[in-house]
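# Sequence first, predicted coordinates after that:
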Amino acid sequence: MADATRHPFLHGLSKHRGSPPTVIVIFGASGDLTARKLIPAIYNLAHDGLLPAEFFLIGYGRKPIPDAEFQQVAAGAIREFSRRELNAEVWARLARRTLYVSGGYDEKAAFDRLAARIAGLEQETGQQLQTLFYISTPPGVFAPIIQNLGASGLARRYLGQPHQSKVVIEKPFGRDLASARVLNRELSTVFAEPQVFRIDHYLGKETVQDLLVQRFANAIFEPIWNRNFIEHVQITVAEQVGVEARAGYYEQSGCLRDMIQNHTMQLLALTAMEPPVSMDAESVRDEKVKVLKAIEPLRLDGARSDVARAQYAEGVIAGRPVRGYLQEADVAPTSATETYAALRLSINNWRWHGVPFYLRSGKHLARRVSEIAVRFKRAPGSLFAEAERFQLAANTLAFQIQPDEGLSLILNAKIPGLETRTQPVKMNFKYATTFGSNTPEAYERLVLDAMIGDGTLFIRGDETERSWQLCTPVLAHWQEQGRTGLDTYASGSWGPKSADALLAANGDAWREP
Ligand code: BG6
């Protein structure tokens, strides 16, 4: 079939933001993500005039409700979760185009009804409409939805043309390598790869996209972005929230599946990949896959193990005492689910050989903060060797992904005075100061990119499989071990001792972000 990644709406990191006339169908219309993220994202796109003139939103769910009721639910979601207040005029225009179709996910007849409704919209508008299917259901029904999109012919609408059908698929994309492969196979029997958009919402974050701009639009970084100058890299995705009301999901998942396999690995790939030949989807994703392939298998046992895992115990967060994981609602009293994971990765290629990449993520940590900290080697020689006079730190470049978005660089400076003394100082760039704070949410960018057909910020099938290939042996090992070797950490701390030991073995330490 024609290469749909080369159509006129697509320009890598999107120069051109025009989408063809579109119907977005959300499977899982009554779900949490739909209310919190998807509907507010679509509303904000409408607010910014980024939706095509002919645009429809169809909620699809099991519950039979009239269009009007879904419109009310959508308005409620915008009021509660949108970054902007609901503007009556913008909403009135969108509400008229917000519809609902009810049916089971394994009910072919319901998909035929959906197809008929879409055909009706085409007749009404006199336009060919691109269909974007957004699968935001629990993973148990991914397969029947995909199959029915195939059986009803919906998947093949305008195939090979820029406005061919597209499918966005939410996480979790599999729970190990085998299931991710099965899901990729199921998708590929119905859709061609350029029609498939696997979401990792971290890629939609402004700061994550800025990482590519910083790396490749500034000539000063590339010459030093390698093992000759960099000592190690630390990637932290720390959350202050606990498992909240999601134990049902989280007990089956744990931190490695929930955060490391996807979000943190993506941050690593963007930090470590080679410069792509262009910013289009395939070039960027080729480089990400290449660097993921260069990561060595993790050592799982013994003193040089590359992995640590732990569960939060009780502690204090924001001045309040909080429960430990095992005391949370719907958590098994003997649960071995990790709420924290840390990895030490070695990338065996010319650029990174010998540079450890440390990854960590956890819930109930001291603060919510995500950052990538690149630590450079210390200045050689003995010009400033006298420890009492010369306080020196290693140069560290930190990309603050969230919440205080920015970029900082630690340098050593002379303390003003007649005697030469030094102290580390921090140069800080803050997004909010330079650009203001009302930046688009990740989902706005990703929904728009999918409508345009730009897959740059989505995960390709081989990419997700490679990442699972690295994580699956770790998961299998942990499952086999049960609670043996599972560390704990006080809620509100920066994590377990075993994660500190992972770095100490190399003479390194986690930095406090
Ligand atoms: C999701 C995880 O993918 O990311 C959640 O399932 C986590 O457990 C969330 O809380 C974090 O996202 P963000 O954008 O708030 O950092």
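Here it is on my side, so go on.
# who in the stretch 401-513 of the chain is up against the ligand?
Nowhere does the stretch 401-513 of the chain come near the ligand, counting by CB under 6 Å from any ligand atom. Any C-beta I mention is one placed from the backbone N, CA and C, and that applies to glycine too.
# Strands of the stretch 401-513 of the chain, residue ranges please.
All strands of the stretch 401-513 of the chain, identified by DSSP state E, counting those that start in this stretch, fall at 406-415, 421-430, 487-491.
# Which of those strands has the highest mean neighbour count?
Mean neighbours per residue, mean count of other CB atoms under 10 Å, is largest over the strands of the stretch 401-513 of the chain for strand 487-491, with a mean of 20.
# ok, the residue lying closest to Phe376 once chain neighbours are set aside - contacts?
Using CB to CB, 6 or more residues apart in numbering and skipping residues adjacent in sequence, the residue nearest Phe376 is Asn395, 4.2 Å away. Asn395 makes contacts with 375-376, 409-412, as judged by CB atoms under 8 Å, 6 or more residues apart in numbering.
# Low-confidence stretches in the chain?
1-17 (pLDDT under 70).
# If we use 50, what do you get?
1-15 (pLDDT under 50).
# and the gap between Trp252 and the ligand?
I think there's a mix-up here, since residue 252 is Gln and not Trp. 12 Å (CB to the nearest ligand atom, to the nearest Å).
# same deal with Glu463?
17 Å.
# The residue in the chain positioned nearest to the ligand: neighbour count?
Using CB to the nearest ligand atom, the single residue of the chain nearest to the ligand is Asp258, 4.8 Å away. Residues lying near Asp258 (other CB atoms under 10 Å) number 24.
# quick one: it and Tyr250 touch, right?
Yes. In this structure, Asp258 is within contact of Tyr250 by CB atoms under 8 Å, at 6.8 Å.
# Skipping adjacent residues, who's closest to the spatially most central residue of the chain in space?
Centroid-nearest residue in the chain: Tyr202, 2.7 Å away (criterion: CA atoms, centre = their mean). Nearest residue to Tyr202, sequence neighbours excluded (CB to CB, 6+ apart): His263, at 4.3 Å.
# thought the one you found was touching Ala238?
No. Using CB under 8 Å, His263 is not in contact with Ala238, being 11.8 Å away.
# Now do the shared contacts for these two.
By CB under 8 Å, 6+ apart, the residues touching both His263 and Ala238 are Ser361.
# what sits against Trp468?
By CB under 8 Å, 6+ apart, the neighbours of Trp468 are 174, 176-177, 180, 261.
# By neighbour count, which of the residues you listed wins?
Gln261 (29 neighbours).
# what number of residues lie near the residue lying closest to that one once chain neighbours are set aside?
Among residues not flanking Gln261 along the chain, Cys471 sits closest, at 4.5 Å (CB to CB, 6+ apart). Using other CB under 10 Å, Cys471 has 22 other residues around it.
# How about the one 10 residues further on?
Residue neighbour count, defined by other CB under 10 Å, stands at 14 for Gln481.
# show me the residues around it that make contact.
Taking CB under 8 Å, 6+ apart, we find Gln481 in contact with Ala336.
# Any figure for the gap between it and Asp487?
12 Å (CB to CB, to the nearest Å).
# swap in Leu45?
According to CB to CB, Leu45 and Asp487 sit 44 Å apart.
# Tell me who's in contact with Leu99.
Here Leu99 is in contact with 56-59, 67, 70, 117 (CB under 8 Å, 6+ apart).
# a markdown table for the residues you listed, including secondary structure, distance to the ligand and neighbour count?
Below are the contacts of Leu99 laid out as a markdown table (DSSP: H, G, I helix; E, B strand; the rest coil; distance: CB to the nearest ligand atom, whole Å; neighbours: other CB atoms under 10 Å):
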| residue | secondary structure | distance to the ligand | neighbour count |
| --- | --- | --- | --- |
| Phe56 | strand | 28 | 22 |
| Leu57 | strand | 23 | 27 |
| Ile58 | strand | 25 | 24 |
| Gly59 | strand | 22 | 27 |
| Asp67 | helix | 30 | 15 |
| Phe70 | helix | 25 | 25 |
| Arg117 | helix | 31 | 17 |
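# Which neighbouring elements make contact with the helix or strand hosting Lys288?
If you go by DSSP states H and E, Lys288 is part of helix 281-293. Packed against helix 281-293 by the contact rule (3 or more CB pairs under 8 Å, 6 or more residues apart in numbering; DSSP states H and E) you find helix 265-272, helix 461-481.
# Could you say which of those helices is packed most deeply?
Taking mean count of other CB under 10 Å, helix 265-272 is the most buried of the helices and strands packed on helix 281-293, at a mean of 24.
# got the CA coordinates for it in CSV?
This file holds the C-alpha atoms of helix 265-272, laid out as CSV (Å, rounded to 0.1, in the frame of the first residue of the first chain):
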residue,chain,number,x,y,z
MET,A,265,12.6,4.2,28.5
GLN,A,266,11.3,6.8,26.1
LEU,A,267,13.2,9.5,27.9
LEU,A,268,16.3,7.4,27.8
ALA,A,269,15.9,6.8,24.0
LEU,A,270,15.5,10.5,23.3
THR,A,271,18.5,11.4,25.4
ALA,A,272,20.8,8.7,24.0
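# Packing partners of it?
Using 3+ CB pairs under 8 Å, 6+ apart: helix 265-272 touches helix 206-217, strand 230-238, helix 281-293, strand 356-362, strand 369-376, helix 461-481.
# Tell me which of these sits most buried.
When the helices and strands packed on helix 265-272 are compared using mean count of other CB under 10 Å, strand 356-362 is most buried, at a mean of 24.
# Show me what it is packed up against.
strand 230-238, helix 265-272, strand 340-346, helix 497-504.
# can you put these in CSV and add distance to Gln127?
Compiled in CSV, these are given as follows (distance: least, CB to CB, whole Å):
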stretch, distance to Gln127
strand 230-238, 42
helix 265-272, 36
strand 340-346, 48
helix 497-504, 55
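# To Ser102, which of those lies closest?
Judged by CB to CB, the one of those that comes nearest to Ser102 is helix 265-272, at 35.3 Å.
# element containing Val90, please.
helix 88-95.
# my bad, Tyr312
strand 307-317.
# and the next helix or strand after that strand, how far from the chain's centre?
Beyond strand 307-317 on the C-terminal side, the first helix or strand identified by DSSP H and E is strand 320-322. Computed by CA atoms, centre = their mean, to the nearest Å, the chain-centroid distance of strand 320-322 equals 29 Å.
# Mind listing the strands strand 320-322 pairs with, and their directions?
Strand 320-322 has its sheet partners listed here by DSSP bridges as strand 307-317 (antiparallel).
# buried residues in the partner strand?
For strand 307-317, the buried set under the neighbour-count rule, 16 or more other CB atoms under 10 Å, comprises 307-315, 317.
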